[in-house]
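> Quick one, structure for this:
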Amino acid sequence: MRTMTTRLSRRYLLAASAMSIAAVALFRSVSAQTPAAAAAQPPSPSPKAPEPIAVMSFNIRYGTANDGENRWTNRRDMLFALLRTENPDLIGLQEALRFQIDEILAAVPGYAAVGVGRDDGKAAGEMSAILFRTTRFHVAASGTFWFSDTPEIPGSMSWGNRITRISSWARFVDRDGSAFIHYNLHLDHESQPSREKSTTLLLQRIAARPVAAEPVIVTGDFNAGESNPALHVLVGSAGPAAVQAPGATPPPFIDTFRAVRRHEKEVGTFSSFVFGQTSGEKIDYVLVQPGTEVLASAIVRTGDGRRYPSDHFPVTARIRLPASTGGR
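Okay, the predicted model is just below:
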């Protein structure tokens, strides 16, 4: 019995020893393979940067104006060619009448329009329409408000302006699923109280947008130079060309032109159809919120040697909005 018990004990000891050796070997094998296996794992993909957006603000001069040799029929082909060349993704138009928009859409395919006439909220009167590239964006929501004490009433006026003033807007969803809101406007050319109250109302509307995290673009003919307080409500009291002090609270918006051309002196955007006239104040803008990357900007002074496509020069910007997720 003792001999058999001894033999069994030895067998158990040998088996246990063999199992221990195998376990150690397996541990060493796994340990040796772990770094290589980890190295073989593909890195986590970085979030894809949003696709840049080419934006234009362009007062095209209303098409029924008695402008002599600068009347619409004499300059529209040049305007169509300019749009084809610049090829913006978004165009904020000012002074556009319905028939002008229809002609643009026919001559420059690939766009659709959002906006209403300022006189009746339908098709009568000038429009602050937004043209957008249909292969890239779709409209999730849109609307128009009037710069007055009764902003929902079509044709309403207040604050000293003798002409109806509006802002049309659209919430766009890009093809990557991100969303943003574009406001386009035309402020009054005479009443400073109207301009100041209009930009205040604009800020209130922007603050009340349904999705506060979504980026905002503002385009427009502000009829206000860079030193005008109506503009400062949006870009800060120091003006659009000011350098932001370290630690200071940023203004609600930045001027895309000054973001890359801070020291430019010749910035006039209203020529009054005088060929070669490039001095004067910058009154047309593409504004974006801080955090937006401004890749390029320009005042486009294309002409045919005798005339321009409009009495305003279009202002362009190529931007990359902050990443955001939107709903369709």
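> What segments of the stretch 51-200 of the chain are strands?
In the stretch 51-200 of the chain, the strands defined using DSSP state E, counting those that start in this stretch lie at 53-59, 90-94, 111-114, 130-133, 138-146, 166-173, 179-186.
> Of these, flag the one that's most buried.
strand 90-94 (a mean of 28; mean count of other Cβ atoms under 10 Å). Heads up, the C-betas are built off the backbone N, CA and C, glycines and all.
> Output the contacting helices and strands for that strand.
Applying 3 or more Cβ pairs under 8 Å, 6 or more residues apart in numbering; DSSP states H and E, one finds that strand 90-94 makes contact with strand 53-59, strand 130-133, strand 179-186, strand 216-221.
> returning to what we had before: now the strands of the stretch 51-200 of the chain as TSV including distance to residue 269 and mean pLDDT?
TSV is the format used below for the strands of the stretch 51-200 of the chain (distance: least, Cβ to Cβ, whole Å; pLDDT from 0 to 100):
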stretch	distance to residue 269	mean pLDDT
strand 53-59	8	98
strand 90-94	11	99
strand 111-114	22	98
strand 130-133	19	98
strand 138-146	24	98
strand 166-173	19	98
strand 179-186	13	98
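> I'd like those strands as TSV, with distance to residue 156 appended.
Output for the strands of the stretch 51-200 of the chain, formatted as TSV (distance: least, Cβ to Cβ, whole Å):
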stretch	distance to residue 156
strand 53-59	22
strand 90-94	19
strand 111-114	20
strand 130-133	21
strand 138-146	5
strand 166-173	10
strand 179-186	15
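> Residue 146 is nearest to which of the helices and strands packed on strand 90-94?
strand 179-186 (10.8 Å; Cβ to Cβ).
> ok and the closest one relative to strand 138-146, angle-wise?
Angle of strand 179-186 versus strand 138-146, following axes from the mean of the first three to the mean of the last three Cα atoms, to 10 degrees, is 30 degrees.
> Show me what strand 179-186 is packed against.
strand 90-94, strand 166-173, helix 192-207, strand 216-221.
> Can you list the strands that it pairs with?
With DSSP bridges as the test, strand 179-186 is paired with strand 166-173 (antiparallel), strand 216-221 (parallel).
> Quick one: closest of these to residue 230.
That would be strand 216-221 among the strands paired with strand 179-186, by Cβ to Cβ, at 11.2 Å.
> and that closest one, C-alpha only, in PDB?
Provided in PDB are the C-alpha atoms of strand 216-221 (Å, rounded to 0.1, in the frame of the first residue of the first chain):
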ATOM      1  CA  VAL A 216     -23.900  80.700 -38.100                       C
ATOM      2  CA  ILE A 217     -23.000  82.600 -41.200                       C
ATOM      3  CA  VAL A 218     -24.100  86.200 -41.900                       C
ATOM      4  CA  THR A 219     -23.900  87.800 -45.300                       C
ATOM      5  CA  GLY A 220     -25.200  91.200 -46.300                       C
ATOM      6  CA  ASP A 221     -25.100  94.700 -47.500                       C
END
